[in-house]
Every structure is written in structure tokens, then in C-alpha cells.
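> I'll drop the sequence and a predicted model, then ask my questions.
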Amino acid sequence: MKRPIVITDLTRMREPNVCIAGYTREWECVRPVVPFRGIPEWFLRKDDCLIFRPFAVVELDFVRAAPQPPHTEDWEIDRLYRSPVMAQVPEERKLAILERTATDSVAGMFGADIHDDNGFYVKTGEGQRSLGTIRPARFIRLFYQLKEGDKWDYRIAFQDGAGKTYRLAVTDLAYRCFLDYQRGQPGFAAGVFMSRQLCHFNERTTFLRIGLARNWEQHPDRCYLQITGIYTFPDYLEGRCFTDFDH
């Protein structure tokens, strides 16, 4: 079944794979999946042209629904088929999509209890959905720090409309590439740059896409919350996407 979706989530998985999600014309949230292999980064291009980026419209061939609660949005796709429909929806359409899909609080997003025990998570097998949108009441702090194994840690602390504070990892591909690119610029100071970026997020109309990660061997009973998309109006990326920040 071939149908177009507008892309709202483009995230980094374990390299070289990525995760994609978006909405159909009927406002159904879907997450294309390829069993066992995952979606490789090359899938984002066709004929050497990048066709997957936030708010692009792409037609995919959906083979069958494959829900695994809380990941009820999963659909297996034909990994060889993708067809561009629109490079970008208009700015007012982007805002309308985020506003329509937004909830006031993170707690009301997934249809399941959110546990706070060494991080925020929903229990495996519970919940009605694994993706949602929120406009935070306030951004508290942005984290960009080197962690064990010479890998970088990307996190955001924010307060939602219910007054609850969350500190979540960020998997948004463009945001991560943007920060890594900035780190390579002469005179980069992480503290100064992140403080300035924090002001930008608070001063602009800013939405977050929140998703649930897959459970894994260490925590088979937990699906942790993560930030899968960051969108500001005006756009903090100034129209750029992750490929514009290649080193």
C-alpha cells in the first residue's frame, strides 16, 4: 500500500542506521521499519538526492502493520521503494502539524504511566503510542558533554505545561550534527554556545517531538523517553538539515 507521509522525526540510531516517523493525510502517526536490518542512512537518498528531511513529504510502500506496544506506530515497508512528493511543506503547515499533535503534558502523551527510576520510561508492552509532540513551558538547560568511550552526550532539561521537569537524551539527527559541527569551529566554547542556544529555544516558539526508545538487553522491561525532534519558529537551523553539517 503506497501512501505519502510528512516526516516529523528523523533520528540517529546505532550507526549507520536511522529512524523515521511521520503522519499520513489521515493524521495517523506511522514509523516505517525494516525487520532485522533497520533503515540505513543511504535510504534517505534517491539518485544521490536527499529526499528525507523534517517536513518533507515522501511516498513509501507500507507492507503490513507491525505494532509492538508501546510502539504501536510501526509499519513494515518495502526497503527498496521511496518516492519524493514535496521537498518541504510551507512554514504555516509545519506549525499546524506540531500544534495539532501537541499535548499539554508529557504524562498524557503515551497512554501509560511514566516511571522515574534512573531515567524516565514506560514499561514494555504498555501504552497506546510511542510518539508525541509538546511545547515546553520552559527550557532549563542544554547538555553537550563528553562521556565514557569518547562519545558525546546530548540532553535537554525542560518543564512541561503541568510543571513537571524532564531531562531527556536527544536523538534528533540534525540537532546532534549541528552541535558536532559547532564543536569543530575555531574558538568554540561549549558552555557559552549552549547558554546562547538555551536562550534561543526559550525566546522562540519551540516544539519537541518525544519518542520511546526500544527496550534492550540491559533493560528489557523499559522503553526510555527521548527527544526525537526539535523545531523552532523561526528555525534555529535556518533551513539547514543534517547533511549541511557534515565534517
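That came in fine, so what should we check first? Numbers count the residues shown, from 1 in each chain.
> in the longest helix seen in the chain, what's buried?
Longest helix in the chain by number of residues, with DSSP state H as the criterion: helix 190-203. By neighbour count on 16 or more other Cβ atoms under 10 Å, the buried set for helix 190-203 is 190, 193-194, 197-198, 201. C-beta here means a position set from N, CA and C on the backbone, and glycine is covered the same way.
> residues contacting it, please?
138-139, 141-145, 182-183, 230, 232, 236 (Cβ atoms under 8 Å, 6 or more residues apart in numbering).
> and the two most separated of these?
Using Cβ to Cβ, the contacts of helix 190-203 span at most 25.9 Å, a distance reached by Arg138 and Arg183.
> what helix or strand is Phe178 located in?
Element membership for Phe178 (DSSP states H and E) is helix 173-183.
> what's the angle from that helix to helix 190-203?
Here helix 173-183 points in a direction 140 degrees away from that of helix 190-203 (axes from the mean of the first three to the mean of the last three Cα atoms, to 10 degrees).
> which other helices and strands does helix 173-183 contact?
Under the contact definition 3 or more Cβ pairs under 8 Å, 6 or more residues apart in numbering; DSSP states H and E, helix 173-183 sits against strand 2-12, strand 151-159.
> could you list the buried residues of stretch 54-62?
Residues of stretch 54-62 classed as buried by neighbour count (16+ other Cβ under 10 Å): 54-58, 60-62.
> swap in stretch 213-229?
The neighbour-count check on stretch 213-229 (16+ other Cβ under 10 Å) flags 213, 215, 222-229 as buried.
> equivalent analysis for stretch 113-131, please.
114, 120-124, 127, 129-131.
> contacts for stretch 213-228, please.
Against stretch 213-228 from outside (Cβ under 8 Å, 6+ apart): 9, 11, 19, 21, 70-71, 106, 114-115, 119-124, 127, 130-131, 156, 166, 168-172, 208-212.
> make JSON lines from the buried residues of helix 190-203 and add distance to Glu99 to it.
Listed next are those as JSON lines, based on distance: Cβ to Cβ, whole Å:
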{"residue": "Ala190", "distance to Glu99": "32"}
{"residue": "Phe193", "distance to Glu99": "29"}
{"residue": "Met194", "distance to Glu99": "27"}
{"residue": "Gln197", "distance to Glu99": "23"}
{"residue": "Leu198", "distance to Glu99": "23"}
{"residue": "Phe201", "distance to Glu99": "17"}
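> and the two most separated of those?
Farthest pair in the buried residues of helix 190-203 (Cβ to Cβ) is Ala190 and Phe201. Separation: 16.1 Å.
> low pLDDT regions in this structure?
Applying pLDDT under 70 to the chain picks out residues 247.
> which residue ranges make up each domain of it?
2-91, 102-245 (automatic domain parsing).
> check the offset of the shortest one from the chain's centre.
Centre-to-centre, domain 2-91 and its host chain are 12 Å apart (Cα atoms, centre = their mean, to the nearest Å).
> need the distance between the two termini of it.
26 Å (Cα to Cα, to the nearest Å).
> residues contacting Gln68?
Residues in contact with Gln68 (Cβ under 8 Å, 6+ apart) are Asp74.
> need phi/psi at it.
For Gln68, the backbone dihedrals (degrees, to the nearest 10) come out as phi -140, psi 90.
> just grab the bridge partners of it for me.
For Gln68, the beta-bridge partners under DSSP bridges are His71.
> tell me how far it lies from Trp216.
14 Å (Cβ to Cβ, to the nearest Å).
> for Ile97, grab the count of nearby residues.
20 (other Cβ atoms under 10 Å).
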